[in-house]
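A.B. asks: Any chance you could fold what I've pasted below:
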Amino acid sequence: DLPAMMKELCGQTKAADMEIVFVQYVLASGSLDNVGPDSPATLYTWNGTEVQAVFQGTLTEVNVEAEKVDAKLAKKIDDGEIDGVMFVSASPDGANRQAMEACARTKIPMAGTGGSGVALTQNMGCNVLSASGTTGTTNRTRAVAFTTALAKYWKIKYMPVIGNTGENAASKAEGNIWKRINFRGIMMTSLPAFIAMALCLACSKIPGCGSLSDVFDTLVNSIPIVICAIAAKQVSGLDEVGVVAGIVAGILAVDGGILGGLIIGILAGVLAYYISVFCFRHNVPGTTVNIASGGLGGLAAGLVGKFLIAPVALWIGNGICSLINMCIDYNALLAGAVAGVLIWPAIIGGVYHAAILPIVLLEMEEMGFSFLGAIDMTGLVMVSAGITLANIILPKQKGEAAVALPGCIINICFGTFVEASYPFMFSNKIVFAGALASATVGGAIVGLFNVKGTAYVPAVLAPFMANEGKGPAFAVAMIAAMGCAFA
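C.D. replies: Below is the predicted model:
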C-alpha cells in the first residue's frame, strides 16, 4: 500500500522537520519473491506533495524507465541536494544501482529494510544507519525507524508521531499518551460484538437452534479480548502491533470481564508504545521492534492483569450489576421511571457514552441483555422515533417532514440516531417535556415487568432479544413510549 506508506513517512519526517524531495518506487503486481520479468508493474515518482504514477508496463520495461529516474537521483546525491536516503526492498545491483553508488561515494546516511537489498547496500560501502528485514515490519514501524535513525545522526529533536499521521500530524499533541484514551471510542467500537452476542442468545431460544447457546458462551468469554485489543490499538497508535498486544494481554486476563479488558488493554497499549519508542531510539531492527512491543508489551500487561487487575475488575463489574438489580428489586416501577426520565439529560449532557453505555455492556456481558439497554430502546430510540414521526405526519413548518424522515427511519430500522429529534426538542419546550414524560412512561413499564433488552438493533427485533418471556412487555413499553412522544 504505497499511499499508506507515504502517509506514514510524510507524518514522521515532518515531525522531525525533514523534507521529502525525491521518490523512486517500482510497485510490482505481487511480492518481489514471486513476480517475473513479464509481471505488470508501475513506476512512481514525487511531484512535490505526493507520489504519482509515471509509467506502467511489464517489470522489465518499468525497470528500464526506473534506471533513468535513478540517474537523476544519483546526480542530486552527487550534487549535495539530498542529505539522506530511505529505502525499502531496494535493488542495489539493478534499478537502484546508480543512486546506491552515489550514496557510497558521498557517504550520506541511509536507513532501510529488505534483507538482501540491505546486505548488498552495506557491501557497497554505503553508510547504513538502520537496517532490518522486511518480515514483521509495518508502514508505521518502518517510517519511525527510518526517521529516528536519521534524526539521531543529524542530532535533530524528534518524537515519533504515533496515533496521527498525515499533513497535520506534527502539529498534533503526541507527548502525552494518556490523551489518546477515549472510553467512548473503545466502547462504541466494541458494540458490534455485544450485539452479535445478544443475537446468538435470542436465536438460541428458537426450536432446533439450542446449540447456539454454546456460541453465546464462547462470545461472552471473548468480549474482554475484543475490548482489550481495541483499547491497546487506540492507546498505542501502533495499528496491527497494538491489536496483537491487546489480544495477548486479553487472553491472559480474560477473567477480568469487560472492565478488566478495558483497563488491561490500556495498559498493553501504553507498554507497547513505550517499548517501541525505546527500541527505535536504540536502532533495534523493525522486526524486533514489533515482536518486543506487541509480544512483550502484551505479555507483561496480561500477566499484571491476570494476577492483579482481573480479580478487582471482576468484583467491581459484578458489584455494579448487583447494585442495578438491587434497585429493581427494591422498587422496579420507580427504578424504571427514574432511569427513563434521566436518560435524555444523560445523553444530552454527554454522560451516556461515558457512564451508561459501559454499564449496559457490563449487564450484557453477564446476561446477554440489559435493564438500561431496554431503557435506552424505549426512552431514547422509540421516543425519538415518535417525535420525528409526528413531524413527518403533522409538520408545523414547511420542510420539517423532510428533516424528520431520515431520522425516523434510522431509529426504527437500526435502533440508533436519537439525535434526530434534537431540532424539534430544543426548539419547543413542550416537545422537550413530552420527550421526558414519554421516556418516563416507557421506563416505568420496563421496570414494572422487569424487562431487559438492548438498543442498537431494529425495533422489530428488539422484543425477540429481551429476557425470556418479556418480549411482549418490551413491545408494549416501546409502543407506549413512541405513542406518547407522537402525541
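
A.B. asks: What helices and strands are in contact with the helix or strand of the chain with the lowest mean pLDDT?
C.D. replies: Of all helical and strand segments in the chain, the minimum by mean pLDDT, DSSP states H and E falls on helix 286-290, at a mean of 83. Helix 286-290 sits against strand 127-132, helix 139-154, helix 257-281, with contacts defined as 3 or more CB pairs under 8 Å, 6 or more residues apart in numbering; DSSP states H and E. Where C-beta positions appear, they are placed from N, C-alpha and C, glycine not excepted.

A.B. asks: if you set the cut-off to 10 Å instead, what comes out?
C.D. replies: strand 109-113, strand 127-132, helix 139-154, helix 240-252, helix 257-281 (3 or more CB pairs under 10 Å, 6 or more residues apart in numbering; DSSP states H and E).

A.B. asks: Could you dump these into a markdown table with mean pLDDT added?
C.D. replies: Listed next are these as a markdown table, based on pLDDT from 0 to 100:
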| stretch | mean pLDDT |
| --- | --- |
| strand 109-113 | 93 |
| strand 127-132 | 87 |
| helix 139-154 | 90 |
| helix 240-252 | 93 |
| helix 257-281 | 91 |
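
A.B. asks: Would you tell me what the next helix or strand after the least confident helix or strand of the chain is?
C.D. replies: helix 297-304 (DSSP states H and E).

A.B. asks: buried set for the helix or strand that comes right after that next one?
C.D. replies: As assigned by DSSP H and E, the chain's next helix or strand after helix 297-304 is helix 310-330. Within helix 310-330, the residues that qualify as buried are Ala310, Ala313, Leu314, Gly317, Cys321, Ile324, Asn325, Cys327, Ile328, counting by 16 or more other CB atoms under 10 Å.

A.B. asks: now, which of those sits nearest Val476?
C.D. replies: Val476 lies nearest to Ile328 out of those, by CB to CB, at 17.9 Å.

A.B. asks: picking that back up, same list, the helices and strands packed on helix 286-290, but as TSV with distance to Gly48 please.
C.D. replies: Output for the helices and strands packed on helix 286-290, formatted as TSV (distance: least, CB to CB, whole Å):
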stretch	distance to Gly48
strand 109-113	22
strand 127-132	26
helix 139-154	19
helix 240-252	31
helix 257-281	28
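
A.B. asks: Throw those into a markdown table and include mean neighbour count, thanks.
C.D. replies: Shown next, in a markdown table, are these (neighbours: other CB atoms under 10 Å):
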| stretch | mean neighbour count |
| --- | --- |
| strand 109-113 | 24 |
| strand 127-132 | 21 |
| helix 139-154 | 24 |
| helix 240-252 | 26 |
| helix 257-281 | 25 |
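
A.B. asks: for the stretch 1-150 of the chain, which spans come out with low pLDDT?
C.D. replies: 32-33, 134-136 (pLDDT under 70).

A.B. asks: residue ranges of the strands in it, please?
C.D. replies: 24-28, 40-46, 51-58, 85-88, 109-113, 127-132 (DSSP state E, counting those that start in this stretch).

A.B. asks: Could the C-alpha coordinates of the second one be exported in CSV?
C.D. replies: Extracted C-alpha coordinates of strand 40-46, given in CSV (Å, rounded to 0.1, in the frame of the first residue of the first chain):
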residue,chain,number,x,y,z
PRO,A,40,2.7,-5.9,-14.5
ALA,A,41,4.4,-3.1,-12.6
THR,A,42,4.2,0.7,-12.1
LEU,A,43,6.9,3.4,-11.6
TYR,A,44,6.1,6.1,-9.1
THR,A,45,7.9,9.4,-8.6
TRP,A,46,7.4,12.5,-6.4
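
A.B. asks: Would you mind listing the buried residues in that strand?
C.D. replies: Here strand 40-46 shows Ala41, Thr42, Leu43, Tyr44, Thr45 as buried, counting by 16+ other CB under 10 Å.

A.B. asks: which one among these gets closest to Glu8?
C.D. replies: Among the buried residues of strand 40-46, and counting by CB to CB, the member closest to Glu8 is Tyr44, at 15.6 Å.

A.B. asks: Is it correct that that closest one is in contact with Phe22?
C.D. replies: No: counting by CB atoms under 10 Å, Tyr44 stays clear of Phe22, with 11.5 Å between them.

A.B. asks: what is in contact with those two at once?
C.D. replies: Both Tyr44 and Phe22 are contacted by Val69, under the criterion CB atoms under 10 Å, 6 or more residues apart in numbering.

A.B. asks: where along the stretch 101-250 of the chain do the helices fall?
C.D. replies: 115-123, 139-154, 183-203, 212-236, 240-252 (DSSP state H, counting those that start in this stretch).

A.B. asks: which strands and helices sit next to the second one?
C.D. replies: Think helix 139-154. Helix 139-154 packs on helix 2-15, strand 85-88, strand 109-113, strand 127-132, helix 240-252, helix 257-281, helix 286-290, going by 3+ CB pairs under 10 Å, 6+ apart.

A.B. asks: Please produce TSV containing these, extended by distance to Thr121.
C.D. replies: Below are these laid out as TSV (distance: least, CB to CB, whole Å):
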stretch	distance to Thr121
helix 2-15	18
strand 85-88	7
strand 109-113	7
strand 127-132	6
helix 240-252	26
helix 257-281	20
helix 286-290	16
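
A.B. asks: Ser204 contacts Thr218, correct?
C.D. replies: No: with contact defined as CB under 10 Å, Ser204 and Thr218 do not form a contacting pair (12.0 Å).

A.B. asks: How about Ser276, nearest residue that isn't a chain neighbour?
C.D. replies: Using CB to CB, 6 or more residues apart in numbering and skipping residues adjacent in sequence, the residue nearest Ser276 is Ser293, 4.0 Å away.

A.B. asks: what about that neighbour, neighbour count?
C.D. replies: 30 (other CB atoms under 10 Å).

A.B. asks: contacting residues around it?
C.D. replies: Counted by CB under 10 Å, 6+ apart, Ser293 has contacts 141, 236, 238, 241-242, 244-245, 268-269, 271-280, 284.

A.B. asks: now do Cys200
C.D. replies: Cys209, Leu212, Ser213, Asp214, Val215, Phe216, Asp217, Thr218, Leu219, Val220, Gly368.
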